[in-house]
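> Test case, fold it:
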Amino acid sequence: MDQETRSKVSANVAGVVFSILVGFSFVSVKICIPLATPWQILSYRYNFAFIAAILLVVSGIYKISLKNKPKGLLGVVVFSYVGFMVFQVLGLVFTSSVDGAILFAIIPVFTKIIARLVLGEKSTVLQDVFMWISISALLVMIFMGAGDLSFSFEGVACLTIASGLMAVSNVFMRQIKSQFTPMEITFSISCVGFLFFNTVTLTYGAATNTLGDYFNLMGNMKFMLATAYLGIFCILFSSQLISYMMAHMPAVQGTLYGNVSTAISIIAGTVILSEPLLPYHIVCTILIIIGVVGISFSNGKPKEIQLTSPKDQ
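Numbering: from 1, shown residues only. The predicted structure follows:
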């Protein structure tokens, strides 16, 4: 097996692991929602991600070196990733999680447009067909189980911005692949997210005399374990996985693994929460996977990325 094939296989394995980790995160989120506000949940998620990242670096397992590297491009990745979570939370204040899932399902479309403009990545007609198979199957799955939908302008606007920011983050992760390691990107995301969400949560708590609620959560073992999973596995590890994926596969293909994780979330509900498993769940999940696998193995390669060296930034 040559190096290119090994990288391709490894990237797809990373995509599968990423989909599973994020797909099962909904269990932890469901545990946390009755116990804390969305901002408190995000703060604790990033607390665990930040602490774990620090321990990995201090122990010498990973090395971080940002000297003489294009920090501006890294900033685009980090702030768009954190911004995605900010607008996701704001959007879900006005709309349902179903509405959010529908809009996030089209992130690959945003990614395709941005990747074409920023990276010059092109796709074949066959790859486009597989992309739309995956997106359409996920949308059908969501609409079939959604019942009545009610959209708000504010919610849709925030969720659309969130989807766009995630697409930007994914594309620029691919652009800086040769200058930053996945851990350097993840470490930066963890640090900025830790500082931002704790600043917002603690400031709001102090202003509304609810600061004690934030610290009282430390005594809730169920909450702490749930946010530990969300922080360590769904931020720290998943960020490394998606960084690795973006370095070794087209941006659209990497983003489509997010659709797989959404399908896993829906299917997992039948196993963990004993929700009904209907035929369309199975059919749509198979189509989503076919779309991702089809893009991976269809003929045609995207245009190679032309990166500038750090000294040219």
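
> Going by C-alpha atoms from here, please, whenever you check contacts or count neighbours.
OK.

> how much space is there between residue 159 and residue 142?
The spacing between residue 159 and residue 142, counted by C-alpha to C-alpha, to the nearest Å, is 16 Å.

> ok, those two, which is more surrounded?
A side-by-side neighbour count of residue 159 and residue 142, using other C-alpha atoms under 10 Å, places residue 159 first with 29 against 21.

> Now the longest helix along the chain: buried residues?
Scanning the chain for the longest helix, with DSSP state H as the assignment, gives helix 182-207. Neighbour-count burial for helix 182-207, counted by 16 or more other C-alpha atoms under 10 Å, picks out 182-194, 196-198, 201-202, 205.

> Ok, stretch 18-36 next?
18-29, 32.

> Lowest mean pLDDT among the helices and strands, pick that one out for the chain.
Between all helices and strands in the chain, the lowest mean by mean pLDDT, DSSP states H and E belongs to helix 97-104, at a mean of 61.

> which element follows that helix toward the C-terminus?
Downstream of helix 97-104, the first helix or strand assigned by DSSP states H and E is helix 107-118.

> And the helices in the stretch 51-200 of the chain, which stretches?
When assigned using DSSP state H, counting those that start in this stretch, the helices of the stretch 51-200 of the chain occupy the ranges 71-94, 97-104, 107-118, 125-144, 153-175, 182-207.

> Just send those back as JSON lines, with distance to residue 7 too.
Shown next, in JSON lines, are the helices of the stretch 51-200 of the chain (distance: least, C-alpha to C-alpha, whole Å):
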{"stretch": "helix 71-94", "distance to residue 7": "23"}
{"stretch": "helix 97-104", "distance to residue 7": "27"}
{"stretch": "helix 107-118", "distance to residue 7": "20"}
{"stretch": "helix 125-144", "distance to residue 7": "19"}
{"stretch": "helix 153-175", "distance to residue 7": "14"}
{"stretch": "helix 182-207", "distance to residue 7": "15"}
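
> Can you flag the weakest of those helices by average pLDDT?
Ranked by mean pLDDT, those bottom out at helix 97-104, which scores a mean of 61.

> which among the buried residues of stretch 18-36 gets closest to residue 178?
residue 18 (21.2 Å; C-alpha to C-alpha).

> Distance of that closest one relative to residue 114?
Residue 18 is 22 Å from residue 114, by C-alpha to C-alpha.

> and the closest residue to residue 77 other than its chain neighbours, how many neighbours?
Of all residues not flanking residue 77 in the chain, residue 169 sits nearest, at 4.5 Å (C-alpha to C-alpha, 6 or more residues apart in numbering). Applying the criterion other C-alpha under 10 Å, we find 26 residues in the vicinity of residue 169.
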